[in-house]
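**Q** any chance you can model this:
(one chain, ligands or ions: 1)
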Amino acid sequence: MMDLLQGLNDAQRQAVTTTEGCVRVIAGAGSGKTRALSYRFAFLVNELGIVPGHILCVTFTNKSAAEMRRRIHNLTGDNDTGYVNTFHGFCVSVLQEDCHAVQYPKNFLVLDNADIDAMLQMIYEERGLTLRNMTFSAARDMIEMRKLVHEPEYYADMITMSLERLKRKYDEAASAADIIFYGYLYQEKKCFGLDYNDLIKFSLYIFKEHDDIRLKWQRRLEYIMIDEFQDIDLLQYELMSVLWGYHKNLFIVGDPDQTIYTWRGANVKYLLEFDKAFPGTKTIVMMDNYRSTPQILAAANALIDNNVCRMAKSLRPTLPDGDAVVCHFAESPQAEGLWMAGRMKALRERGVPYKDMAVLYRAHYVTRTVEEALLKEHIPYVIYSGVQFFSRKEIKDALSYLRIIAYKDDLSFRRIANVPKRNLGKRRMAFLQEYADTRGCSLYEALVETMDDGLFKGTKARQFAALVESFAAEYEGRPVSEVLSAILDTSGYEKVLRTEGSQERLDNLAELKQAVYEYETTCGEEVTLEHYLSHVALLTNADAAPDDDKVKLMTVHAAKGLEFPYVFLCGLNEGIFPSRKVRTMQAMEEERRLAFVALTRAERGLYLSEADGQHFDGAVRYPSRFILDMGPDVLAYDNPPPDSLVRATRDYIEYSSKYWPDREGERTFASGQRVRHAVFGEGTVIDADMDRQAYVVQFDAMDTARMISFRVKLKAL
Ligand SMILES: Nc1ncnc2c1ncn2[C@@H]1O[C@H](COP(=O)(O)OP(=O)(O)OP(=O)(O)O)[C@@H](O)[C@H]1O
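**A** Below you'll find the model as predicted:
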């Protein structure tokens, strides 16, 4: 026991050894909460003898789950790392075991954005919609909003309605939004597909309706731990509240200053009010920072201190002094990029490898000038995100090959039936689609039933079906990595890439094989093809990381939970960071937390920069208020902005936020709220337009609705 606890400080040790009941850890950035979590897991297993499969450890991303599994494996030496997963990943496990309760097959499909888009494509074609009706991304958002907010009971339709009834609902839908929504539910049900929202909703539904299943999971999960609790949302909170109910051992860790997903439904109140919701909670505070120099922490503390709505706390440094935090005011974005490149070269000359440097930014578009400067100076770099690894064509194709073996589903069929070319082009595909529609079968079945038809003469339909059948007959029990290599070879897919000389695509496939192999060897339990496919559908961009000596470029959101020796935070201008979309006090505080997350990623060196000039729309670029927040005491300017600009910036900041509603309640008169206007009299709020900062109000004495700016106070009736 001594060994395990030795690398921990007092607060961490307390967090690790307080195993029973509800424990809340408020942990500052870089205070070692990931370490505390993994050690706690190991403590439960090694010292208390808890079976890993009876522990649930929830992380925020798949990447952090993988990292956590690696750490736990190192500490316990056990391949079985229990349920270390995201909430969505855990729900996949639940449903794989118990979705028979909602008459879904074990091999349901987990849908990712590309799958959803493929379904939307079918719906749009079928019903004559175009992107002018709604872009795919707007359609995805609309579907999500309907599922989460407007029609939270939608899943009952999916579960209880027959496919025919759902189809009728879709056929009868008239508005574009309804067509898309019901079309999507129909498509989902047709292929037993579940998107991320469904995973949680279905699990909750099963737990609610089936006491025996709920009790089984509650009993199994003797200890539950949740990381990044500041960004938990309502559905996840509900799920946690159910799972906790039997053994009542719940351990949560979070940092209220790092809440950055409010826009996606996260609510920090679950962390702050946890002790009220779970009486008897022990709270442990971890504020000793092991990541950053005192100089970096002083800047981060000074920044976050400007947030009004927060629990007062400061990160305490434990490391020795380092270099001052450098701040640079450049004449233009181009000059800003070149300044960064110069600093990187200087670091490199001091022996710092490029891979130890990261450029963080608020929004993707900022990277253009940075990239130009890096290219010009021959500094190698890699952008995280952009085209995500798992969204690349060759990766999606390869996964579709795996998927068609297991599921013979339409989405995969459409993707790879004619890749490589088998002469199954548009015309034959349309024929299969029609056949499948009239017979109510899948495209693959349609092909098998009709491949002797004259239409398929001269095609490789038969070879394709033979390929799928031969793999389908023998994939069970074979390692997934082996199946993948074999099908990429036998299908001729890799051969085409070799002929084309697409080395990069081949490299990516090699990377994929490696990823599958690693998953198999680290996962603990036996990995079936279905398991792997569900796992991979949950993967996000940050998951495939090349390890070359390159500067890393990424958004601050993508940097959450990571650390880098040297951080360059660029584009610190009003309108960029903070974003121009910020229009309320709350949103500004979230933006400041985001900047705090950025600063606290740095271990040894932190470089902040801003550029003079104009925005796209011709507006003046002012330095970011976050720089002013930190103040000159904690920053070393190597080229300060002129005093006149700083004064103008202060005026701009004051003016631009003058009319912000300062409390959430003031802006959110809900639709339907009765209000009184000093001149127009009484009326009803119909909507709030955040872009225009105004309400739409139907006044009783007027025929048409009016838009009334937030500047004018309406009185609630
Ligand atoms: N007790 C300790 N002694 C020495 N180093 C530690 C200790 N605890 C953590 N560290 C180191 O401090 C760094 C930060 O730890 P970790 O990544 O666990 O922080 P975190 O709290 O999860 O950070 P964040 O919330 O900012 O993402 C790591 O490099 C870790 O190895």
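
**Q** longest helix of this structure, counting residues only.
**A** The residue-count maximum for a helix in the chain (DSSP state H) belongs to helix 503-522.

**Q** what's the spacing between that one and its chain's center?
**A** 22 Å (Cα atoms, centre = their mean, to the nearest Å).

**Q** then it to CSV, C-alphas only?
**A** Coordinates of each C-alpha in helix 503-522 appear next as CSV, following Å, rounded to 0.1, in the frame of the first residue of the first chain:
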residue,chain,number,x,y,z
GLN,A,503,1.1,6.6,-50.0
GLU,A,504,-0.6,8.9,-47.5
ARG,A,505,-3.8,6.9,-47.6
LEU,A,506,-1.9,3.6,-47.3
ASP,A,507,-0.1,5.1,-44.3
ASN,A,508,-3.4,6.0,-42.8
LEU,A,509,-4.6,2.5,-43.2
ALA,A,510,-1.5,1.2,-41.6
GLU,A,511,-2.2,3.6,-38.7
LEU,A,512,-5.7,2.2,-38.5
LYS,A,513,-4.5,-1.4,-38.3
GLN,A,514,-2.1,-0.3,-35.5
ALA,A,515,-5.0,1.4,-33.7
VAL,A,516,-7.2,-1.8,-33.9
TYR,A,517,-4.3,-3.9,-32.7
GLU,A,518,-3.7,-1.5,-29.8
TYR,A,519,-7.3,-1.6,-28.9
GLU,A,520,-7.3,-5.4,-28.9
THR,A,521,-4.3,-5.6,-26.7
THR,A,522,-5.3,-3.0,-24.1
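
**Q** after that helix, next one along is what?
**A** Downstream of helix 503-522, the next assigned helix or strand under DSSP states H and E is helix 529-537.

**Q** so where is this structure shaky, pLDDT-wise?
**A** Applying pLDDT under 70 to the chain flags the ranges 1-2, 385-391, 523-525, 538-547, 616-617, 659, 661-668, 690-692.

**Q** how about the residues of it that lie near the ligand?
**A** By the rule Cβ under 6 Å from any ligand atom, the part of the chain lying against the ligand is 7-9, 12, 27, 29-35, 255, 290-291, 561, 600. The C-beta positions use only the backbone N, C-alpha and C, and glycine is treated the same way.

**Q** now the buried members of those residues.
**A** By neighbour count, with 16 or more other Cβ atoms under 10 Å, the residues of the chain next to the ligand hold 8-9, 12, 27, 29-35, 255, 291, 561, 600 as buried.

**Q** quick one: contacts for the closest residue to R592 other than its chain neighbours?
**A** The shortest distance from R592 to any residue other than its chain neighbours is 5.5 Å, reached at N307 (Cβ to Cβ, 6 or more residues apart in numbering). N307 makes contacts with D257, E589, R592, R593, as judged by Cβ atoms under 8 Å, 6 or more residues apart in numbering.

**Q** out of those, who's nearest V419?
**A** R593 (44.6 Å; Cβ to Cβ).

**Q** my guess is that closest one contacts N306, does it?
**A** No: assessed by Cβ atoms under 8 Å, R593 is found out of contact with N306, at 10.7 Å.

**Q** what about those two, which has more around it?
**A** Applying other Cβ atoms under 10 Å to R593 and N306 shows that R593 carries more neighbours, namely 23 against 17.

**Q** ok, now which ones touch that one?
**A** D257, Q258, T259, I260, I304, N307.

**Q** okay, now the fifth one: neighbour count?
**A** The reference is to I304. Look at I304: counted by other Cβ under 10 Å, it has 28 neighbours.

**Q** ok, and the closest non-adjacent residue to it?
**A** Leaving aside its chain neighbours, I304 sits nearest to F596 (4.6 Å; criterion: Cβ to Cβ, 6+ apart).

**Q** that neighbour: what's it in contact with?
**A** Contacts of F596 by Cβ under 8 Å, 6+ apart are A29, D257, Q258, A300, L303, I304.

**Q** quick check, the last one in contact with R310.
**A** Yes: in this structure I304 lies within contact range of R310 using Cβ under 8 Å: 7.1 Å.

**Q** tell me the secondary structure at D687.
**A** When classified by DSSP: H, G, I helix; E, B strand; the rest coil, D687 comes out as strand.

**Q** same check on R427?
**A** Here R427 is recorded as helix under three-state DSSP.

**Q** measure it to G454 for me?
**A** 13 Å (Cβ to Cβ, to the nearest Å).

**Q** can you check I284 too?
**A** 74 Å.

**Q** between these two, which is the more surrounded one?
**A** A direct count of neighbours by other Cβ under 10 Å for I284 and G454 places I284 higher, at 19 against 7.

**Q** is it true that that one lies in a strand?
**A** Yes: the assignment for I284 is a strand, going by three-state DSSP.

**Q** isn't it up against A11?
**A** Yes: using Cβ under 8 Å, I284 makes contact with A11 at a distance of 5.6 Å.

**Q** related to what we said a few turns ago, just the ones of the residues of the chain next to the ligand in strands?
**A** Members of the residues of the chain next to the ligand lying in strands (criterion: DSSP state E): A27.

**Q** out of the residues of the chain next to the ligand, which are inside helices?
**A** Within these, residues falling in helices by DSSP H are Q12, K33, T34, R35.

**Q** farthest-separated two in those?
**A** Distance extremes for those: the farthest pair is Q12 and T34 at 10.7 Å, using Cβ to Cβ.

**Q** list the contacts of the residue of the stretch 151-300 of the chain found nearest the ligand.
**A** In the stretch 151-300 of the chain, the residue that lies nearest the ligand is Y290 (3.1 Å; Cβ to the nearest ligand atom). By Cβ under 8 Å, 6+ apart, Y290 lies in contact with G30, S31, G32, T318, L319.

**Q** count the neighbours of the last one for me.
**A** Taking other Cβ under 10 Å as the criterion, the count of residues near L319 is 17.

**Q** so it touches I296, yeah?
**A** No: assessed by Cβ under 8 Å, L319 is found out of contact with I296, at 9.2 Å.

**Q** nearest residue to P565 other than its sequence neighbours?
**A** The nearest residue in space to P565 (Cβ to Cβ, 6+ apart) is D356, at 4.0 Å.

**Q** look up how far P294 lies from the one you found.
**A** Note on D356: its distance to P294, by Cβ to Cβ, is 20 Å.

**Q** for R214, same thing?
**A** 49 Å.

**Q** which one of those two has more residues nearby?
**A** Remark: of R214 and P294, R214 carries more neighbours, 20 against 17, as counted by other Cβ under 10 Å.

**Q** assign that one to helix, strand or coil.
**A** helix.

**Q** surely it and V242 touch.
**A** Yes: at 6.6 Å, R214 counts as touching V242 under the criterion of Cβ under 8 Å.

**Q** now the common contact residues for those two.
**A** Contact criterion Cβ under 8 Å, 6+ apart; residues shared by R214 and V242: F207.

**Q** how does this structure divide into domains?
**A** Listed domain ranges for the chain are 10-96+202-286, 109-191, 296-387+547-658, 418-536, 673-716 (source: the TED database).

**Q** and D3, which of those is closest to it?
**A** For the domains of the chain, the distance to D3 is smallest for domain 10-96+202-286, at 9.3 Å, taking Cβ to Cβ.

**Q** show me where the stretch 301-450 of the chain has helices.
**A** For the stretch 301-450 of the chain, applying DSSP state H, counting those that start in this stretch gives helices covering 333-349, 367-376, 393-407, 410-416, 426-439, 443-450.
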